[in-house]
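1. here are the coordinates; sequence isn't available:
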């Protein structure tokens, strides 16, 4: 079957990043395939990160985890921050820049096929559009699964990637319905607090710190989380911390006390109890799994 050519991967990636993790599933997608996940990854942008493209071989979907920046899609510029997703087409003139004072961490996915535009429109992120999503942790979790599975070799890698990509689009479609409306300032404030926790979970410790960082009353934060999240802000923060800790243990190993300090726990025993309460296993269990895998 005729394919779209095989571009050089080194020309598809920015060199102005650190701690990047990439996967490549199909750099030569067939024209007959309606939608193909080509490649993707997670990037920590350097302070001088700047990408200017007049064309690109594939459609791209990007999601900001933390930090700040701007994206200019054709003639429209948008501010970027945690929880923002945007897409652009191969013919879109795109300029992406990081705020040097708070560089972005972001995921990107490159896709190809005649059905891409229609599918992105259905989930509310048509090429050229920028949207704020509510379920920041859920979307980040799916993206992390995509990167991890994409880096594994195997006969089913492409099918697993395609399934996770569809799950991501469904999550975006679902969470887009939770986006703030002008008539709901409480939900808008909740989303700001939620995005702040997602971006700063390692450094935040108490409800008072969350409220101070958001510039609101602690009682208001509690009320918003109970109303829109069904849990307390501290429980949401704790789960985010434990997810970060689990990811670090699996990927890097290390001492439990070092991981505890990384997510703001001075007492490693307190950290271990919290970790087991969230994940059902002790931190050392993940370390043993890493050693035997």
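-> That came through fine. Treat the numbers as computed from the prediction; the structure is a model and nothing was measured.
2. secondary structure element for residue 230?
-> Using DSSP states H and E, residue 230 sits in no helix or strand.
3. How many residues are close by it?
-> Residues near residue 230, counting by other C-beta atoms under 10 Å, number 9. Where you see a C-beta, it was placed from the backbone N, CA and C, and this is true even at glycine.
4. any idea how far residue 164 is from it?
-> To residue 164, residue 230 is 25 Å away according to C-beta to C-beta, to the nearest Å.
5. Check residue 283 too.
-> Using C-beta to C-beta, residue 283 is found at 26 Å from residue 164.
6. and what of residue 119?
-> Noted for residue 119: a distance of 14 Å to residue 164, by C-beta to C-beta.
7. same question, residue 148
-> Taken as C-beta to C-beta, the span from residue 148 to residue 164 is 10 Å.
8. got it, and residue 208?
-> For residue 208, the distance to residue 164 - C-beta to C-beta - is 38 Å.
9. quick one, which of the two is more surrounded?
-> Neighbour totals were compared for residue 208 and residue 164, and residue 164 leads with 20 against 11 (other C-beta under 10 Å).
10. so who does that one touch?
-> Contacts for residue 164 (C-beta atoms under 8 Å, 6 or more residues apart in numbering) come out as 142, 145-146, 149.
11. Mind checking which of those land in helices?
-> 142, 145-146, 149 (DSSP state H).
12. among these, who's most crowded?
-> Neighbour counts for the ones in helices among the contacts of residue 164, by other C-beta under 10 Å, peak at residue 146, which reaches 25 neighbours.
13. so who does it touch?
-> 23, 40, 107, 109, 161, 164-165, 168.
14. Closest one of these to residue 234?
-> When the contacts of residue 146 are compared for distance to residue 234 (C-beta to C-beta), residue 107 wins out at 26.9 Å.
15. can you give me the strands in the stretch 101-250 of the chain?
-> 105-112, 130-132 (DSSP state E, counting those that start in this stretch).
16. Adjacent strands (with direction) for the shortest one?
-> Applying DSSP bridges, strand 130-132 is found paired with strand 84-88 (antiparallel).
17. now do the first one
-> Strand 105-112 has the following sheet partners, assigned by DSSP bridges: strand 36-45 (antiparallel), strand 59-66 (antiparallel).
18. possible to save the ones you listed as CSV with mean pLDDT and mean neighbour count?
-> Below are the strands paired with strand 105-112 laid out as CSV (pLDDT from 0 to 100; neighbours: other C-beta atoms under 10 Å):
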stretch, mean pLDDT, mean neighbour count
strand 36-45, 94, 23
strand 59-66, 95, 24
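19. Using a markdown table, lay out those strands together with distance to residue 196.
-> Output for the strands paired with strand 105-112, formatted as a markdown table (distance: least, C-beta to C-beta, whole Å):
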| stretch | distance to residue 196 |
| --- | --- |
| strand 36-45 | 19 |
| strand 59-66 | 10 |
